[in-house]
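*Asks:* Here's a sequence, model it:
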Amino acid sequence: MERKKNPISKIIFLLIVISVIFTGILKVSYDNAITKPNSENSEKILFEVKSGESVDNILRNLIEKDLLKEKYFYYTKIFLKINNLAPKLQAGVYEIPMDLNIIQLIDTLQDGKNQDIWVTIPEGLRKDEIATILERELTKNSKNNFSKTEFLNLTTDSTFIASLDLVEGVNDLEGFLYPDKYAFPIDTNARSVIEKMISNFKTRTDGKYTYQDIIFASIVEREGYNSSDKPIIAGIIIKRLAEGWLLQTDATLLYPVKDWKHVITQKDKDDNNPYNTYKNVGLPPTPICNPGLESIKAVQNPTKTEYYYYIHDNDGNPHYGRTLDEHNKNVQKYLR
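*Replies:* Just a heads-up that it's a prediction; the model follows:
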């Protein structure tokens with residue numbers, strides 16, 4: 001005798017499915033809200049937080065000053081609640097750029113003295129390039145304690161790296177100095193700068209990464225041009241590695257040269273160094289730059305294709321090949 005299905009069970013199951021889908025949508029919406037710049041305008045606006053002022057009032061005033069969008073009011077409250085940051089908001093007068101995202105905005109409002117120096121770190125730079133930018137921007141003020149030498153030394157200091165609680169196997173912070181716009185206190189030092197960048201990396205990746213992900217992502221960051229070609233290039237590189245092919249990526253050759261504009265020669269391809277993926281099978285020993293979230297996500301969600309080769313023409317357009325013959329024809333057509 002056939003048993004009748006319980007309609008209540010069906011309803012419960014349906015409600016669970018709807019709940020999971022709805023939660024996922026909210027998570028994506030929340031992540032986008034807290035990381036999206038408020039404006040394309042970088043103009044700085046004076047903003048005051050009064051002593052004893054409520055969170056709601058502060059947020060309403062931010063909206064009035066065009067430093068926060070009305071639609072992100074409740075997302076900001078959630079961000080403050082989840083991270084227990086409301087008690088850390090400090091009274092003071094702030095000079096705030098209009099293009100900050102919610103994370104950066106709340107970070108700024110935690111320093112009542114408002115003695116911050118804003119520094120932008122672009123995606124795809126080596127740690128020595130980042131150190132140069134930080135030295136240039138931070139040491140403009142005589143009160144600053146930043147040292148480029150100390151910064152670079154700390155990136156390979158095993159004791160310091162262990163204190164940052166990254167994944168196992170990391171012995172160099174190349175790849176983890178997250179590119180973003182930062183507000184550093186006027187008297188900051190190299191250790192504090194790195195700790196802030198690593199904390200940002202953990203927040204942006206949500207702790208969901210492997211060391212191999214970051215090495216892959218650093219290559220994709222330098223090899224890809226935009227959000228559409230990065231997942232395809234990630235898929236090609238991952239497939240070549242999985243099938244035991246040489247990666248043969250130009251970006252890895254350029255890393256030890258420390259010059260992204262260097263014209264690659266046969267001598268570079270013949271050089272015996274661990275970053276030469278024209279001679280060594282597998283990944284380089286460390287990331288070759290510090291990738292953005294777009295490249296990390298491309299590696300974690302690669303596009304599977306039939307391609308094994310790719311080039312970019314002089315306008316940055318990608319051209320893919322399934323065979324070496326197709327690849328060579330693309331080279332002749334687009335790069336000669």
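*Asks:* With only the CA atoms kept, save stretch 137-150 in CSV.
*Replies:* What follows is stretch 137-150, C-alpha atoms only, in CSV (Å, rounded to 0.1, in the frame of the first residue of the first chain):
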residue,chain,number,x,y,z
GLU,A,137,53.0,59.1,1.5
LEU,A,138,53.5,58.5,5.2
THR,A,139,56.8,60.2,5.7
LYS,A,140,55.6,63.5,4.4
ASN,A,141,54.8,64.2,8.1
SER,A,142,57.7,64.5,10.5
LYS,A,143,55.6,62.7,13.3
ASN,A,144,55.5,59.5,11.3
ASN,A,145,57.5,56.5,12.3
PHE,A,146,57.2,54.4,9.2
SER,A,147,60.4,52.7,7.9
LYS,A,148,60.5,51.1,4.5
THR,A,149,63.4,48.8,5.6
GLU,A,150,61.5,47.7,8.7
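*Asks:* Give the rounded mean pLDDT of that stretch.
*Replies:* The average pLDDT within stretch 137-150 is 84.
*Asks:* Mind listing what's buried along it?
*Replies:* By neighbour count on 16 or more other C-beta atoms under 10 Å, the buried set for stretch 137-150 is 137-138, 144, 146-148, 150. To be clear about C-beta, it is placed using only N, CA and C from the backbone, and glycine gets the same treatment.
*Asks:* before we move on, what about stretch 63-81?
*Replies:* The neighbour-count check on stretch 63-81 (16+ other C-beta under 10 Å) flags 63, 67-69, 72, 75-76, 78-80 as buried.
*Asks:* got the end-to-end distance for that stretch?
*Replies:* The first and last residues of stretch 63-81 sit 19 Å apart, counting by C-alpha to C-alpha, to the nearest Å.
*Asks:* Residue 258 touches residue 125, doesn't it?
*Replies:* No. Using C-beta atoms under 8 Å, residue 258 makes no contact with residue 125, being 11.2 Å away.
*Asks:* What's the local residue count around residue 308?
*Replies:* Residue 308 has 18 neighbours, counted by other C-beta atoms under 10 Å.
*Asks:* got a list of what it touches?
*Replies:* Going by C-beta atoms under 8 Å, 6 or more residues apart in numbering, residue 308 touches 236, 239-240, 245, 321-323, 327.
*Asks:* in the host helix or strand of residue 160, what's buried?
*Replies:* Using DSSP states H and E, the element containing residue 160 is helix 158-163. Within helix 158-163, the residues scored as buried using 16+ other C-beta under 10 Å are residue 161.
*Asks:* Could you do stretch 31-42 as well?
*Replies:* 33-34, 38.
*Asks:* Tell me which helix or strand comes right after the helix holding residue 160.
*Replies:* strand 181-185.
*Asks:* List the neighbouring strands of that following strand plus their orientation.
*Replies:* Strand 181-185 has the following strand partners under DSSP bridges: strand 116-120 (antiparallel).
*Asks:* Give the next helix or strand downstream of the strand it pairs with.
*Replies:* With DSSP H and E, the next secondary element past strand 116-120 is helix 127-138.
*Asks:* Okay, angle between that next one and strand 116-120 too, please.
*Replies:* 140 degrees (axes from the mean of the first three to the mean of the last three C-alpha atoms, to 10 degrees).
*Asks:* what's helix 127-138 packed up against?
*Replies:* strand 116-120, helix 148-154 (3 or more C-beta pairs under 8 Å, 6 or more residues apart in numbering; DSSP states H and E).
*Asks:* Name the residues that touch the longest one?
*Replies:* It stands for helix 148-154. 127-128, 131-132, 134-135, 160, 173, 189-191, 193-194.
*Asks:* swap in the shortest one?
*Replies:* Around strand 116-120, the neighbours that count as contacts under C-beta under 8 Å, 6+ apart are 97, 108, 133-134, 137-138, 140-141, 144, 180-186, 188.
*Asks:* quick revisit: which two of the contacts of helix 148-154 have the greatest separation?
*Replies:* Spatially, the most separated pair among those is 132 and 160, at 20.5 Å (C-beta to C-beta).
*Asks:* contacting residues for the most centrally placed residue in the chain?
*Replies:* Nearest to the geometric centre of the chain sits residue 292, at 2.9 Å (C-alpha atoms, centre = their mean). Residues in contact with residue 292, defined by C-beta under 8 Å, 6+ apart, are 123-124, 178-179, 221.
*Asks:* try 10 Å this time
*Replies:* For residue 292, the contacting residues are 121-124, 178-180, 204, 217, 221, 230, 298, by C-beta atoms under 10 Å, 6 or more residues apart in numbering.
*Asks:* where does the protein have low pLDDT?
*Replies:* Along the chain, segments meeting pLDDT under 70 span 1-7, 9-10, 13-15, 17-26, 112-115, 141-143.
*Asks:* Let me see the domain layout of the protein.
*Replies:* By the assignment in automatic domain parsing, the chain contains the domains 37-114, 118-208, 211-305.
*Asks:* Could you work out the end-to-end span of the longest one for me?
*Replies:* Chord length of domain 211-305, first to last residue, is 24 Å (C-alpha to C-alpha).
*Asks:* Kindly report the same for the second one.
*Replies:* Terminal residues of domain 118-208 lie 28 Å apart, using C-alpha to C-alpha.
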